[in-house]
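Q: Provided below for reference: sequence and predicted model.
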Amino acid sequence: MNAAEATADSPQWMMRSPAVVVDRVSKIYPTGARALDDVSVTVARGTFVAVLGPPGAGKSTLVHCAAGLDAPTSGSTRVDGVEIGALSEIRRAELRRLRVGFLFAAHNLMPAMSVADNITLPLRLAGTAPDHDWVRALAERVGLAGRLAHRPVELSGVEQWRVALARAVVARPAVVFADEPTGALHPREAGAAVGLLREVVDGLGQAVVLATRDAAVAAPADRVLLMAGGRVADTVEAPTTAAELARRVTALAPGR
Ligand SMILES: Nc1ncnc2c1ncn2[C@@H]1O[C@H](COP(=O)(O)OP(=O)(O)OP(=O)(O)O)[C@@H](O)[C@H]1O
């Protein structure tokens, strides 16, 4: 099949399409706050994009709109080749369970469930039987081998974060959306945590879209979008450093 023959729902199209396309998205809340102002972003498969900026810049709104958790006021978003706005709520929920992984500051682990059951929850919610060898291999990869039978309360904060990471990738999604994912960790632990995220998605070929205020968390990305006032004000390509990113953020908002 050549490019002209590929249709939006054919496997060939899905393989070629970027992991995420945000096309001219604006979001105006009922309060009148313009959180996103005509934002366009394309995230190629397997690439790690960080969204960095000061509080209120629109980072969370961008991640939520891109992931289909929130509806843009105008513009469109595609994830894994699928136009989110065209899906019914049921189809959107399916897409979120199997083609998208999430990592938030609050891990929302199920306290009564074992680590293994927490990790495999997205699969079970989607009616898919977990492959136990894969779950064991994943647990090993994130440093949780030997912890699969424990309850979350028996784990350290970093270990709980690793459970959330494994849960985000267990369905081998096309993309992981992360909103201030290291927010519950000590700042000292954040760098290593995002390093592990990077290692895991590099191994599995997933794209990442990660929103953060912390330049050290954004620095390992392939591309950093600097946001201010609901717009992508600047883009920094890898390699870069936290110090350079912090300098660029300050330059965007003089007097802050
Ligand atoms: N539900 C909402 N209702 C009204 N305004 C909102 C809502 N959510 C966000 N906003 C406003 O939209 C703008 C962007 O918010 P957003 O949370 O996306 O920024 P952010 O860059 O993620 O900030 P932070 O780093 O503090 O999380 C802000 O002015 C915020 O007050």
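A: It's in.
Q: my read is that T120 contacts V169, right?
A: No - with contact defined as C-beta atoms under 8 Å, T120 does not reach V169; the gap is 11.7 Å. Quick note: C-beta positions are derived from backbone N, CA and C, even for glycine.
Q: compare neighbour counts for these two and give me the winner.
A: T120 (25 against 22; other C-beta atoms under 10 Å).
Q: am I right that that one sits in a strand?
A: No - using DSSP: H, G, I helix; E, B strand; the rest coil, the secondary structure at T120 is helix, not a strand.
Q: host element of A233?
A: Assigned by DSSP states H and E, A233 falls within strand 231-237.
Q: touching the ligand at all, that strand?
A: No - no part of strand 231-237 sits close enough to the ligand to count as contact by C-beta under 6 Å from any ligand atom; the gap is at least 11.4 Å.
Q: buried ones in stretch 192-210, by neighbour count?
A: A193, V194, L196, L197, R198, V200, V201, Q206, A207, V208, V209, L210 (16 or more other C-beta atoms under 10 Å).
Q: the ligand contacts on the protein?
A: 29, 31, 33, 35, 53, 55-61, 211, 213.
Q: among the residues you listed, which are in strands?
A: Among the residues of the chain next to the ligand, the residues falling in strands (DSSP state E) are A35, A211.
Q: tell me the contacts of the closest residue to the ligand within the stretch 151-256 of the chain?
A: Nearest residue of the stretch 151-256 of the chain to the ligand, counting by C-beta to the nearest ligand atom: R213, 4.9 Å away. By C-beta atoms under 8 Å, 6 or more residues apart in numbering, the residues touching R213 are L52, G53, P54, P55, K59, E180.
Q: if any of the residues of the chain next to the ligand are buried, put those into a PyMOL selection.
A: Buried members of the residues of the chain next to the ligand, defined by 16+ other C-beta under 10 Å, are picked up in PyMOL with:
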select buried, resi 35+53+57+58+59+60+61+211
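Q: so which of the residues of the chain next to the ligand comes closest to A219?
A: Taking C-beta to C-beta as the measure, A219 lies nearest R213 of the residues of the chain next to the ligand, at 13.0 Å.
Q: and the most centrally placed residue in the chain, what is it in contact with?
A: Closest to where the C-alpha atoms of the chain average out (C-alpha atoms, centre = their mean) is F177, at 1.4 Å. Residues near F177 by C-beta under 8 Å, 6+ apart: V63, A66, A67, V100, G101, F102, L103, V208, V209, L210.
Q: tell me which element the first one is part of?
A: Going back to what we said before, that points to V63. helix 59-67.
Q: chain center to that helix, what's the gap?
A: Computed by C-alpha atoms, centre = their mean, to the nearest Å, the chain-centroid distance of helix 59-67 equals 9 Å.
Q: I'd like the next helix or strand past it.
A: strand 74-79.
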